[in-house]
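K.L.:
below are the sequence and a predicted model for it; my questions follow.
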Amino acid sequence: MRLGLAVYVAITSGVLAACSAPTPSTLEFVDQSPLQPRLGEITTLNFRAIDSRGEPQPGVHVTFELQAPVPGVELNPTEADTNVGTGIVSTQVVAKGGRVSSVVVVARVVDKVAISPAVTFAGSSSNSRQFTFQCGTVAGEASGGVHAIGAFDESRHLIAGVKLRCIAHVADRNGDGIAGAQVSFLTEAGTIGPSSTSVTSVVGNAEVMYKTSLPLPEDVSPGTFTWNPPGSGRDISNPTYTGEYIAPLWMHPFAWVEDPIANFDREATFQEPRRPDPIRRDRDGSPLTNNPRDNLVSMIAVTTGEEAFDDLNNNGTREESEPFVDLTEPFVDNNDSGTWDKGERYVDANGNGVWDGKNGRYDATTLIWVQERILWTGWPHKEDREPATAQRNPKPVVKTLSPLPPVTLAKFKQVPVDFLMADPWFNSMARNGDDDGCNAVSVGPVEVAALARGKAFTYPAYTRLRYIIKDTRDPTDPTAPNYATPGIDFEVTADCIFTASPVEGYKAQVAAPKVNGVVFP
C-alpha cells in the first residue's frame, strides 16, 4: 500500500524531531578565564545548558552576541554546541583596541538567554605616570611616608643594618596594578636585598628590603633650591635633565637658610644649610662642611613599559600632537644635580655603551623608572651643641628658644619650654616611633607635662620640640603655701627618644637643654 503524502511528512517530522536536541530547561553562565584580562589577551566565557531533569544537556546549539557593540572587541565563535557530559559551551572575547573596554556577552537558545558579567579589559603596559616607588609603609600596603632612618651615632660612625621596607607599584595608564612585572632596583648607598630585582604581586606591588651599609652616601657641596630646575615643566631645552628638585619637598628646601638654628623663623634664602663639622676633619686638618644632602640617598626602581602621554581624544593610542613624558635613561642621581654625572650608576636601555638623555620621541616600549630618596640621620655630639666656642662650633644644632634664663615661675603658673634640635648635618632626626618625643624629669616644686609625640613625615632642617613646666601647687587649694624669698630652685632635664626605623629600629636617646629656675612666691 502506498503511503499518502501527509503521512510521509508526519513520519519524517517525527524522525527529525527525535534526532535534534530539545530546548534546554535552563541556560546559565558558568565562569570566565582570566578574571582580569588585559588588552590583547583572549578571555574564555563558559555557559552551560541544563535539561528538565537538572542534568547537563549535550548537543544544544547556542549563539553568542555582544549585548552592545564595542569597537575593537571580537567574539569567536559566534555559535557552538554544548559538550557531551558537561553541557558546557564556550566562546572567546578579545579586545584589540588601545583603550579600556567593557563588554557583556549574551548566550541564546531560542527563548532561553544567559548573560555574562561585564568583562573589563585593562591596559596592557606599565605606564611611567603610574609607576611609584616609596619607602616605609604607614597607611597600608604600598603606602609610603618614612623618609629618614637613623644611620649614624653621635661620632658619625655608621650603624649598619638599619632596615626599611620599600615598595614599587606598577600599573597601566588606567591605574590598574600589573602582576608579574619584573622590577629592578639600584641605590646610591646601602644595599637592597636579598636581590636587586623583585616581581610584582597580584596587585602590582614589588617589595624589597633596604639596609644601611657601605658605601656611604656621596658628600656633596651645598646648593640652592629653585622651583624651576632645568628640565622641569615644559622645558625642552635641557634634554639631559630630569626636572627633579635638588631636594624633595619633605625636606622643606623652600625654607632653607644657611644657619636655620640661629635664623629660626627668618625669611628663606633658598641657600642650603651648612656648618663646619666640629669633629670630622679633612686630610689637611680643616673641618668638613656638613649640609643636609650629604646623607640624602637616591634610589631608583626600573621596569619595562610605556612613556606616559595625554590621550586627548581618548582613543587609546598616542597621536603625534598629543603631549608625552620623555624619559632619560635610568640613573642614580648621587649628587642630586638632576642629570647623569660621571661615576653615577645607570642602565643602558639602548645598549650603546653611554648614558643618554631624552630622545625627543614617544616610546611605547622602553625602560621606565622612578626615583625615591631617603635620609640617613644621626644625633648630635656634645661638640655640636650649645654652648659653643666660635672657633670650633660656630653653628650649634641645639638651641633653647624659650624660656630664656633666669626662669621665674610664679605661683600656680606654667611655662612652655621650646627648643630646636637637629642632627650634625642640619636635618631633623629620624622619628619612626608612635611614642617618639621628650620625657622630662624635674627636681624641685614643679611637674612636667609632655606634649605631642609620634612619627615624623617631613624633615626640615631641625625639629622644634616642646614640653610644659607647671607649679605643683593646686590653685583650688586655699591653703596652698607661698614660698619665702628668694623662692625655691628647680631643675628640669629631658631626654628625647628617636626611633631609627619602623623595622626593628633601635631608639636613640638625646638630652634636651637643661632648664633651671625659681618658683616664687
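P.N.:
Yep, it's here.

K.L.:
now the element after the helix-or-strand element of the chain with minimal mean pLDDT, going C-ward?
P.N.:
Across the helices and strands of the chain, mean confidence by mean pLDDT, DSSP states H and E is lowest for helix 5-19: a mean of 43. Of the helices and strands lying after helix 5-19 in sequence (DSSP states H and E), the nearest is strand 26-33.

K.L.:
what does that next one rub up against?
P.N.:
The list of residues contacting strand 26-33 from outside it, by CB atoms under 8 Å, 6 or more residues apart in numbering, reads 43-50, 60, 62, 88, 107-109, 112-117, 119. Every C-beta, even on glycine, is put in place using the N, C-alpha and C of the backbone.

K.L.:
switch to 10 Å and redo it
P.N.:
42-52, 54, 57, 60, 62, 82, 86-90, 93, 105-117, 119 (CB atoms under 10 Å, 6 or more residues apart in numbering).

K.L.:
which residue ranges form the strands in the stretch 351-500 of the chain?
P.N.:
Remark: strands assigned in the stretch 351-500 of the chain by DSSP state E, counting those that start in this stretch are 366-377, 398-402, 407-409, 414-421, 437-443, 446-450, 463-471, 488-499.

K.L.:
ok, the second one: who's next to it in the sheet?
P.N.:
Pointing back at strand 398-402 there. Strand pairing for strand 398-402, using DSSP bridges, gives strand 414-421 (antiparallel).

K.L.:
circling back to that earlier point, which ones among the contacts of strand 26-33 lie within strands?
P.N.:
42-50, 62, 88-90, 93, 105-109, 112-115, 119 (DSSP state E).

K.L.:
out of those residues, which end up buried?
P.N.:
43, 45-50, 62, 89-90, 93, 105-109, 112, 114, 119 (16 or more other CB atoms under 10 Å).

K.L.:
where are the low-confidence patches of the stretch 251-400 of the chain?
P.N.:
By pLDDT under 70, the weakly predicted segments of the stretch 251-400 of the chain are 387-390.

K.L.:
cutoff 80 now
P.N.:
315-316, 386-391 (pLDDT under 80).

K.L.:
count the neighbours of Gly487 for me.
P.N.:
The tally of other residues near Gly487 (other CB atoms under 10 Å) stands at 19.

K.L.:
Ser155 too?
P.N.:
11.

K.L.:
again, but for His61
P.N.:
14.

K.L.:
need the winner for burial among the strands of the stretch 351-500 of the chain.
P.N.:
Ranked by mean neighbour count, the strands of the stretch 351-500 of the chain are led by strand 366-377 with a mean of 23 (mean count of other CB atoms under 10 Å).

K.L.:
please name every helix or strand in contact with it.
P.N.:
If contacts are counted by 3 or more CB pairs under 10 Å, 6 or more residues apart in numbering; DSSP states H and E, strand 366-377 sits against strand 132-135, strand 148-150, strand 163-169, strand 182-187, strand 296-305.

K.L.:
where does the stretch 51-200 of the chain have low pLDDT?
P.N.:
96-101, 121-124, 137-145, 193-196.

K.L.:
in the stretch 201-350 of the chain, which spans are strands?
P.N.:
205-211, 275-281, 287-290, 296-305.

K.L.:
which residues in the stretch 201-350 of the chain form helices?
P.N.:
Assigned by DSSP state H, counting those that start in this stretch, the helices in the stretch 201-350 of the chain number zero.

K.L.:
residue nearest the centroid of the chain?
P.N.:
Note on the chain: the residue nearest the mean C-alpha position is Gln134, at 3.0 Å, using CA atoms, centre = their mean.
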